[in-house]
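In: here is my input, please return the structure:
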Amino acid sequence: MMSHQSIIELGESQIVEFKASFGNETIETLVAFANAHGGSVYIGVADNGDILGLRMGRETVSEWINEIKNKTTPVLIPDVDIVEKDDKTIVVMKIHEYPIKPVSFKGRYFKRVANSNHVLTASEVANLHLQSLNSSWDSYPDPIHSVEDLSLELVQHCMESMKSRGKTIAEPPISFLVKNDLIREERPTNAAFLMFKKRHSIATTIELGRFQDNITIKDTARTQSDLITQVDQVLDFVKKHINLALIITGDAENVQKWQYPLEAIREIVLNMIIHRDYRSSSDSVVKVFNDKIEFYNPGRLPENISIQDLKENNYKSTPRNKAIAEFFKNLGWIEKYGSGIGRIINYFKEENLPLPEFKLQGEGFLVTVYAAVNTYVVENVVENVVENVVEKRSQEILKLILRDKKISAKQISELLEITERTAQRDLENLKIMGFIKRVGPSKGGHWEVVR
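Out: The predicted structure is shown next:
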């Protein structure tokens, strides 16, 4: 154990504070320590470590402890050590991390961050309390919505998915939700409402945009559906706009690849949905550019995890929404907590693409992925060469054929929400103009993009 002299020589830190005299700031620091990892306040010591000493009466320490008890909730009682140093008296008050947080000083909440006290926001107070209970906001009953607001068909669909993965599930949807703590006190939890809600709502808004540059928007969409459905909706929007990359190999048939590794994009989307702060008034935002995609999500990293920790996979994952994370894990959508970032980075390494960037932005988190600089993007071919010859719908048909050369007119009509007859007419026009040709019979053949 280090001596008091050695601790003073090291200076103030995450667990050490110097005070010239006892007062409200001393109690504030004790509260900050209790809400973090504990610490000691050295009273009678200047900020620079000089020993100032104190004048002590018989009841001085008792009076200080009573003042601390009266001004803290729950009540704090520090360990006290009276130390004689250079013929001067100092008092060391040590407080341990409090098990059920947060502790307040006269109704205000503080937490120790580095060598200073940080005033907690209302959201941080709530998070600290939930973390100390080893729980999360999404595990609590939703005070507004009822079981009638849930889609039991969607619950059943998820149950069937779990059964296909070998899980034994025999109960009906409501019993399944109760068994999995997604209905508590006869109400859906916040997680249950977000994952299975019947109707669209602003609680899950994700804004989607395709940008030509920072100010020119080419396409927009918005999803406000349940979290289960949103995963594919966001992926579909991204796939619609990144299309395929044509790698010029010099062989008879060039290699077609997605502009980004889709496994990594899916992992990023899952992380967005699982770790989002759904109490924030901000929306999640996905922006697709020619050469990059930005994924912004409300909710910052836990304070004990840095960007460097993420990149090096040197952290213990603490999902913001434990119930949602657990359910997605049971669906087989995530492997284990905390491994997603490492997999995302590895996917980009395997494709020899620039590594993703991770950044704290405002009250949220931004992930940016970049395309390769040496690929010839099919979308640019379609839009730059064809845009003055065929209408936008025909451009979309060309993109669909590039994705699936065996696509039918019926499938095209369903994807583009047009009649099958219109799809057949557009295909015929593209054939006449020399953009596509049919190889093989109507059944069993395929389309080929000529130019």
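In: which residues sit against stretch 361-373?
Out: By CB atoms under 8 Å, 6 or more residues apart in numbering, the residues outside stretch 361-373 that reach it are 242, 245, 259-260, 264-265, 268, 271, 275, 277, 280, 282, 290-301, 348, 351-354, 356-360, 377. C-beta coordinates here come from the backbone N, C-alpha and C atoms, glycine included.
In: what's around the closest residue to Thr205 other than its chain neighbours, how many residues?
Out: With CB to CB, 6 or more residues apart in numbering as the criterion, Thr205 has its nearest non-adjacent residue at 4.4 Å, and that residue is Asp283. Summarising burial for Asp283: neighbours were counted as other CB atoms under 10 Å, giving 17.
In: which phi and psi values does Asp283 adopt?
Out: Per-residue torsions, Asp283: phi -100, psi 160 (degrees, to the nearest 10).
In: so who does it touch?
Out: Asp283 makes contact with Thr205, Ile206, Glu207, Pro298 under the criterion CB under 8 Å, 6+ apart.
In: closest to Leu227 among those residues?
Out: For these, the residue nearest Leu227 by CB to CB is Ile206; the value is 10.0 Å.
In: mark which of the contacts of stretch 361-373 are buried, thanks.
Out: Buried residues within the contacts of stretch 361-373, defined by neighbour count using 16 or more other CB atoms under 10 Å: 242, 245, 259-260, 264-265, 268, 271, 275, 277, 292-301, 348, 353, 356, 358, 377.
In: which of the contacts of Asp283 are buried?
Out: By neighbour count, with 16+ other CB under 10 Å, those hold Thr205, Ile206, Pro298 as buried.
In: in strands, which of these fall?
Out: Among these, DSSP state E puts Ile206, Pro298 in strands.
In: include pLDDT and distance to Pro173 when you put the buried ones among the contacts of Asp283 into CSV, please.
Out: Compiled in CSV, the buried ones among the contacts of Asp283 are given as follows (pLDDT from 0 to 100; distance: CB to CB, whole Å):
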residue, pLDDT, distance to Pro173
Thr205, 96, 26
Ile206, 97, 26
Pro298, 94, 30
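In: Phe18 should be in a helix, yeah?
Out: No - the assignment for Phe18 (DSSP: H, G, I helix; E, B strand; the rest coil) gives strand, which keeps it out of a helix.
In: and it, what are its bridge partners?
Out: In this structure, Phe18 has beta-bridge partners Tyr42, where bridges are defined by DSSP bridges.
In: how about the contacts of Asp283, which pair is most distant?
Out: The most widely separated members of those are Glu207 and Pro298, with 11.8 Å between them, by CB to CB.
In: intersection of neighbour lists for these two?
Out: Applying CB under 8 Å, 6+ apart, one finds that Glu207 and Pro298 are jointly contacted by Asp283, Ser284.
In: who's Gln361 bridged to?
Out: The bridge-partner assignment for Gln361, based on DSSP bridges, gives Gly364.
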